[in-house]
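Undergrad: how would this look folded up:
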Amino acid sequence: MPKDGPLVIVSNHTSYLDSIVLMATLPRDFCFVAKNSLARSIWTGPFLRHLGTLFVERGDPKQGVEDLGAIAERVRSGGAILFFPEGTLGRMAGLVPFRTGTFSVATTTQSLVSTVAIRGARTTLRDGSWFPRRTRITVVVGPALRAEGTGWDATLALRGAVRAEMLRHTGEPDLYDETGAIERMARENAPAN
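TA: Residues are numbered from 1 along each chain as shown. Down below sits the predicted model:
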């Protein structure tokens, strides 16, 4: 991971511990990006604002584009910004579809992208639980990538390259493909009636 200069950091999101693990292990200062609804929460808002988190409005496309523009300016000025491109976390292991805004910022700024894969945090503190378990947590930082071009195709190609790199190190399945794997898995894991 480059120690200075413009950087987009992309990590899988497995647990509420992810932010703490990343702050403790990554070798440079960075800002998190989070959905704006977390800023309005009385529980998460003050904590995230104290960390210098940048917020994106997901419910209003026009505001979301403006927010991503401000984040891109922060990257251009030499900042390091960390995205969880899944946009959420869940109890079930695996990578869900990535939101495209992360890769749009990286493509328009032509910044380096560091892929980070977290393993073990989902088991340590599962979604919906506040009782941590003792497990090993591993953080792997992949090689820096950069978009080849600035258009939509370059954004999608970068998203695919980052996803492939992340999947190599998470030890979790890919829950998104064109054949409906998400729906199949949901049916298979649904409780019997």
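Undergrad: tell me the mean pLDDT over stretch 138-155?
TA: The pLDDT scores in stretch 138-155 average 93.
Undergrad: Distance from the chain centre to that stretch, please.
TA: Between the centre of stretch 138-155 and the centre of its chain there are 13 Å (CA atoms, centre = their mean, to the nearest Å).
Undergrad: what's the answer for stretch 69-86, then?
TA: In this view, stretch 69-86 has its centroid 12 Å away from the chain centroid, taken as CA atoms, centre = their mean.
Undergrad: ditto for stretch 54-66
TA: Chain-centre distance of stretch 54-66: 16 Å, with CA atoms, centre = their mean.
Undergrad: Go through that stretch and flag the buried ones.
TA: Residues of stretch 54-66 classed as buried: 54-57, 64 (neighbour count, 16 or more other CB atoms under 10 Å). The way it works is simple: take the backbone N, C-alpha and C, and place the C-beta from them, glycine included.
Undergrad: helices and strands around the longest strand seen in the chain, which ones?
TA: For the chain, the strand with the greatest residue count under DSSP state E is strand 112-119. The elements that strand 112-119 packs onto, with contact taken as 3 or more CB pairs under 8 Å, 6 or more residues apart in numbering; DSSP states H and E, are strand 7-11, helix 18-25, strand 138-141, helix 152-170.
Undergrad: Report the contact partners of the spatially most central residue of the chain.
TA: Residue closest to the average C-alpha location in the chain (CA atoms, centre = their mean): residue 84, at 1.3 Å. Applying CB atoms under 8 Å, 6 or more residues apart in numbering, we find residue 84 in contact with 11-13, 18, 33.
Undergrad: and with 6 Å instead?
TA: 11, 13 (CB atoms under 6 Å, 6 or more residues apart in numbering).
Undergrad: how near is it to residue 28?
TA: 18 Å (CB to CB, to the nearest Å).
Undergrad: same check, this time on residue 138
TA: Per CB to CB, residue 138 is found 19 Å from residue 28.
Undergrad: same thing with residue 95?
TA: As for residue 95, its distance to residue 28 is 24 Å (criterion: CB to CB).
Undergrad: ok, residues contacting stretch 160-175?
TA: Against stretch 160-175 from outside (CB under 6 Å, 6+ apart): 10, 12, 93-96, 115, 117, 119, 140, 142, 145, 182.
Undergrad: Understood, closing this out.
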